[in-house]
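> Mind looking at a prediction? Sequence and model below.
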Amino acid sequence: MKQCVHGMIYLAVLVAFAACDAPPVPLDDIVIEKTFVPEQCVRAVKVGDYVRYHYNGMFPDGKKFDSSYDRSSTYNVYVGKKQLIEGMDRALVGMCVNERRLVKIPPQLAYGKEGYGDVIPSDAILHFDVLLLDVWNPDDVVQMKTYYTPENCSRKVEVSDYVRYHYNGTLLDGTLFDSSHTRMRTYDTYVGIGWLIAGMDQGLLGMCVGEKRIITMPPSLGYGSNGDGSDIPQQASLVFDVVLLDLHNPKDGVSIINQDIPQPCHRKSVAGDFIRYHYNGSLLDGTFFDSSYSRNRTYDTYVGKGYVIGGMDEGLIGVCIGEKRRIIIPPHLGYGEEGTGTKIPGSAVLVFDIHIIDFHNPSDTVVITTNYKPVVCETLAKKGDFVKYHYNASLMDGSFIDSTYNYGKTYNIVLGANQVVPGMEEGLKEMCVGERRHLVIPPHLGYGERGVDGEVPASAVLIFDIEMIEMEAGLPDGYMFIWNEDVSADLFTEMDADKDLQVLASEVRIAAKPHPQLHTNRHTHDTVGPHASHLFLICSD
C-alpha cells in the first residue's frame, strides 16, 4: 500500500476531524454504488482528465472525517496521475457530470497500515459520497452544437463583426452563473479581436442571425485557474446557450434587396424630391418596432436632405413610384450606439420594407399628356371660357379618388376663375372639345400639404384623366354679361317693371335668361354659382 502526500491539506482523503477504528470486515477491492445517474451522459471521465467534484468522506460507521462542502469549494484534480489515493483514482473513471457515487475503498487502496496522522487510522476502510460537477481535458477545444438554424442564412459571423446576442451562461453541471435575459438587454461586442474570452470569440464565428447554439469551452479558453472572482469557480468548464439577434460590420453600407420594380418606371427619385411611402420597420431578427400602416398614413419627407436617418436617405434614392424594396441599415447609418430607447436597442441593424406611393420635386410643373385630339381642333379653351368636362381622379399608386362618371354629369367651371386647383386650370388650357388628356399634378399645384380630409392625402401627387365635352366662349374684357338674342326696340320700358323710370338690379335678373346652375363639387376650392352669359350688353364705362 502506498501513501500519496502532496502537501495539500485539503485533499479529499486527507482533511479530517476524528479518527475511527477500522471495520471488522476488510474489502478486497473498491466498491462503487451509483446512487444517481443523469439521464444524459455527454461525457465520462477518462484517465488524464481534470475533474471538479464535491465529496463527503466517512468511515463505515458514518462518522465524517472530511468534506469539500465544509470548505464551499470543490476538489479539483487530474485523474489517473497519482494525485489521489489509488482507490479514488479508479473510482472516478467513467463518471458523468452530475452523477453521484458512493465509493468504498479498502485500506490497501487508501492509506494502508500507516493511516494519515491522527485523522485516518491504520487499515481504515474509507467511504466517499462523490458528486461530479465538471470534467475536461487539457486537449479540449471549443465545442459548438447548433440546435436551431433559420431557413435563410445570407450572412455568417466573421472576425471583426459586431454582434448582439442573448445568452444563458452555466457551469457544466447546469448551475446558472449569468444571463443576458435577466437584464433584458443583449450582450453587444466585436468578435475575434479579443473583447471576449477566447472560447466565446471562437464559438460565435459562423453563426447566422436567429441561430441558436450551445458553446462549451474548457477553462483554458474561459476564465482559467482563477475563475471570475465571484460566480465562476477556478478551473471551470463553461456552457453558453446563445441566440444571435444581430450582426454587422463597421464597414457595412446600406443593402437593398427584394426589389419589386414596376414597369415602366418613367422616373426615379433624386436628392431633393419629396416622397410619400409606407414601411414596416423591424430588427434583423424580425422583431417589429414600427409601421406606417398601423397609423394608416404614409411617411412623408424630403430625400437626401438629412430629414431622416442616413441609411434611409440613401435607400430612398433611385426608387420608382410603386416600387417595393427592403432596405437594411447598419447602426452607424441608423440610430447608432444609443438606439431610440425601448423599441430600437443600441447598435441595432434596421430592416425597412418600403412601398413607394409617390414622389415629386418642388420644382415640378403639371405634366400634360394628350391621349386623343380630334382632327378638327380649332377652338381652344382659354381663360373666361365656360367648360364642361369629365374626369377620373386617382393617386399615383392607382388609388381611386373621384369620377364625374359616377354622378352622370360633367364638371362645369369658368376657366381662370379659381374654381379648381391651379394644376387643373393649367391642364384645361388650350383643350378643344373631344380632346382627352392625362394630367399629373404635383401637390403644390393641387391640394398641398393639407390635402382633403378623408379623400386626398397631404402632399399627394394627383392623376386626372380628363375629356373636354363642351365649351362656351367667355365674356369680353370689360363686360359683365351679354345678350345673345335680338334686342327689343322698347327694351328699357320692358325691363322697368315698376315703371319708376329706372332699371334696378332685381329687374335685370327678372329679364335675364339664366344659365343652368353649375353644381358644387368637392374638388373645387370654391362653391360655383350661376353664370349668366345670355344677357344683354352693358358697357362698363
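Yes, it's here. The shown structure was predicted, so the numbers you read here are calculated from the model rather than taken from an experiment.
> use CA for all of it now, contacts and neighbours both
Fine.
> Surely residue 382 is in contact with residue 432?
No: using Cα atoms under 8 Å, residue 382 is not in contact with residue 432; the gap is 9.9 Å.
> So these two - more neighbours on which side?
residue 432 (23 against 20; other Cα atoms under 10 Å).
> Quick check: chain neighbours aside, which residue is closest to that one?
Distances taken as Cα to Cα, 6 or more residues apart in numbering put residue 380 closest to residue 432, at 4.8 Å, once the chain neighbours are dropped.
> For that neighbour, give me its contacts.
Contact analysis of residue 380 by Cα atoms under 8 Å, 6 or more residues apart in numbering lists 429-432.
> Doesn't it belong to a strand?
No: assigned with DSSP: H, G, I helix; E, B strand; the rest coil, residue 380 falls outside any strand and is coil.
> buried subset of the contacts of residue 380?
With burial judged by 16 or more other Cα atoms under 10 Å, the buried subset of the contacts of residue 380 is 431-432.
> Which members of the contacts of residue 380 are the farthest-apart pair?
Largest separation among these by Cα to Cα: 429 and 432, giving 8.9 Å.
> and for the two, which residues touch both?
380-381.
> Was I right to think residue 412 contacts residue 389?
Yes: contact criterion Cα under 8 Å: residue 412 and residue 389 qualify, at 6.6 Å.
> Filter the contacts of residue 380 down to just the ones in helices.
With helices defined by DSSP state H, no entry of these lies inside them.
> As TSV, the contacts of residue 380 with pLDDT and distance to residue 103 would be great.
TSV is the format used below for the contacts of residue 380 (pLDDT from 0 to 100; distance: Cα to Cα, whole Å):
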residue	pLDDT	distance to residue 103
429	96	105
430	96	108
431	96	107
432	95	109
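> Which member of the contacts of residue 380 is positioned nearest residue 360?
Nearest to residue 360 out of the contacts of residue 380 is residue 429 (Cα to Cα; 22.5 Å).
> Would you check that residue 57 makes contact with residue 70?
No: judged on Cα under 8 Å, residue 57 makes no contact with residue 70 at a distance of 11.3 Å.
> higher neighbour count, these two?
Shown here are residue 57 and residue 70; by other Cα under 10 Å, residue 57 has more neighbours (24 against 10).
> The more buried one belongs to a strand?
Yes: per three-state DSSP, residue 57 lies within a strand segment.
> how far away is it from residue 120?
From residue 57 across to residue 120, the span is 11 Å (Cα to Cα, to the nearest Å).
> before we move on, what about residue 69?
Look at residue 69 and residue 120: by Cα to Cα, they are 19 Å apart.
> Mind checking which of those two has more residues around it?
Between residue 69 and residue 120, counting by other Cα under 10 Å, residue 120 is the more crowded of the two (28 against 12).
> Phi and psi next, for the more buried one.
Main-chain dihedrals, residue 120, degrees, to the nearest 10: phi -120, psi 120.
> and it, how far is that from residue 352?
For residue 120, the distance to residue 352 equals 73 Å [Cα to Cα].
> Likewise for residue 414?
With distances taken as Cα to Cα, residue 414 is found 47 Å from residue 352.
> next one: residue 468
Plainly put, residue 468 is 44 Å away from residue 352 if you go by Cα to Cα.
> residue boundaries of the strands in the stretch 401-541 of the chain?
With strands called from DSSP state E, counting those that start in this stretch, the stretch 401-541 of the chain shows them at 411-414, 436-441, 462-472.
> is it possible to export these to CSV including mean neighbour count and distance to residue 213?
Putting the strands of the stretch 401-541 of the chain into CSV (neighbours: other Cα atoms under 10 Å; distance: least, Cα to Cα, whole Å) gives the following:
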stretch, mean neighbour count, distance to residue 213
strand 411-414, 23, 68
strand 436-441, 23, 55
strand 462-472, 21, 53
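> host element of residue 182?
In this structure, residue 182 sits in helix 180-183 according to DSSP states H and E.
> Extract the C-alpha trace of that helix and format it as PDB.
The C-alpha trace of helix 180-183 is given here as PDB (Å, rounded to 0.1, in the frame of the first residue of the first chain):
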ATOM      1  CA  SER A 180     -28.500  38.500 -20.500                       C
ATOM      2  CA  HIS A 181     -32.200  37.600 -20.400                       C
ATOM      3  CA  THR A 182     -32.400  38.600 -16.800                       C
ATOM      4  CA  ARG A 183     -31.000  42.000 -17.600                       C
END
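> In three-state terms, label residue 383 for me.
Using three-state DSSP, the secondary structure recorded for residue 383 is coil.
> meant to ask about residue 289
Following three-state DSSP, we place residue 289 in the strand state.
> for the helix holding residue 182, packing partners?
Where contact means 3 or more Cα pairs under 8 Å, 6 or more residues apart in numbering; DSSP states H and E, helix 180-183 is packed against strand 162-171.
> now the strand it packs on, how far from the centre of its chain.
Mean C-alpha position of strand 162-171 versus that of the full chain (Cα atoms, centre = their mean, to the nearest Å) differs by 20 Å.
> And for stretch 403-414?
So, by Cα atoms, centre = their mean, the centroid of stretch 403-414 is 47 Å from its chain's centroid.
> Start and end of it, how far apart?
Terminal residues of stretch 403-414 are spaced 19 Å apart (Cα to Cα).
> State the mean pLDDT of it.
Throughout stretch 403-414, pLDDT has a mean value of 95.
> oh, and call the first residue 25 from now on, that's how I've got it
From this message on, residue numbering opens at 25, which makes the last subject stretch 427-438.
> got the residue ranges for the helices in the protein?
Using DSSP H, the helices assigned to the chain run over residues 110-116, 204-207, 222-227, 334-339, 446-452, 515-519, 529-535.
> Quick check: chain neighbours aside, which residue is closest to residue 309?
Using Cα to Cα, 6+ apart, the nearest residue to residue 309 is residue 269, at 5.2 Å.
> Which of the strands of the stretch 425-565 of the chain sits closest to residue 156?
Per Cα to Cα, nearest to residue 156 of these: strand 486-496, 76.4 Å.
> Name every strand pairing with the closest one and say which way it goes.
Each strand paired with strand 486-496, and its direction, by DSSP bridges: strand 410-419 (antiparallel), strand 460-465 (antiparallel).
> quick check: mean pLDDT across the shortest one?
Spelled out, that is strand 460-465. Mean predicted confidence for strand 460-465 is 98.
> Give me the contact list for it.
Strand 460-465 is contacted from outside by 389-397, 447-448, 451, 485-492, using Cα under 8 Å, 6+ apart.
> at 6 Å instead, please
390-396, 447, 485-491 (Cα atoms under 6 Å, 6 or more residues apart in numbering).
> with those in mind, which one is nearest to residue 56?
residue 485 (85.6 Å).
> so the closest one makes contact with residue 467?
Yes: taking contacts as Cα atoms under 6 Å, residue 485 lies within contact range of residue 467: 5.2 Å.
> which residues does the most centrally placed residue in the chain contact?
Note on the chain: the residue nearest the mean C-alpha position is residue 306, at 1.4 Å, using Cα atoms, centre = their mean. Residues in contact with residue 306 (Cα under 6 Å, 6+ apart) are 312-313, 375.
> Going through these, which ones are buried?
Of these, these count as buried by 16+ other Cα under 10 Å: residue 375.
> Can I get the contacts of residue 306 in a markdown table including pLDDT and distance to residue 88?
Shown next, in a markdown table, are the contacts of residue 306 (pLDDT from 0 to 100; distance: Cα to Cα, whole Å):
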| residue | pLDDT | distance to residue 88 |
| --- | --- | --- |
| 312 | 96 | 60 |
| 313 | 96 | 61 |
| 375 | 98 | 64 |
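> Nearest to residue 365, out of the contacts of residue 306: which one, please.
If you rank the contacts of residue 306 by distance to residue 365 using Cα to Cα, residue 313 comes first, at 11.2 Å.
> Okay, that closest one and residue 362: tell me how far apart.
The gap separating residue 313 from residue 362 is 16 Å, by Cα to Cα.
> need the helices of the chain in a markdown table with mean pLDDT, can you?
Shown next, in a markdown table, are the helices of the chain (pLDDT from 0 to 100):
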| stretch | mean pLDDT |
| --- | --- |
| helix 110-116 | 97 |
| helix 204-207 | 96 |
| helix 222-227 | 98 |
| helix 334-339 | 97 |
| helix 446-452 | 96 |
| helix 515-519 | 82 |
| helix 529-535 | 65 |
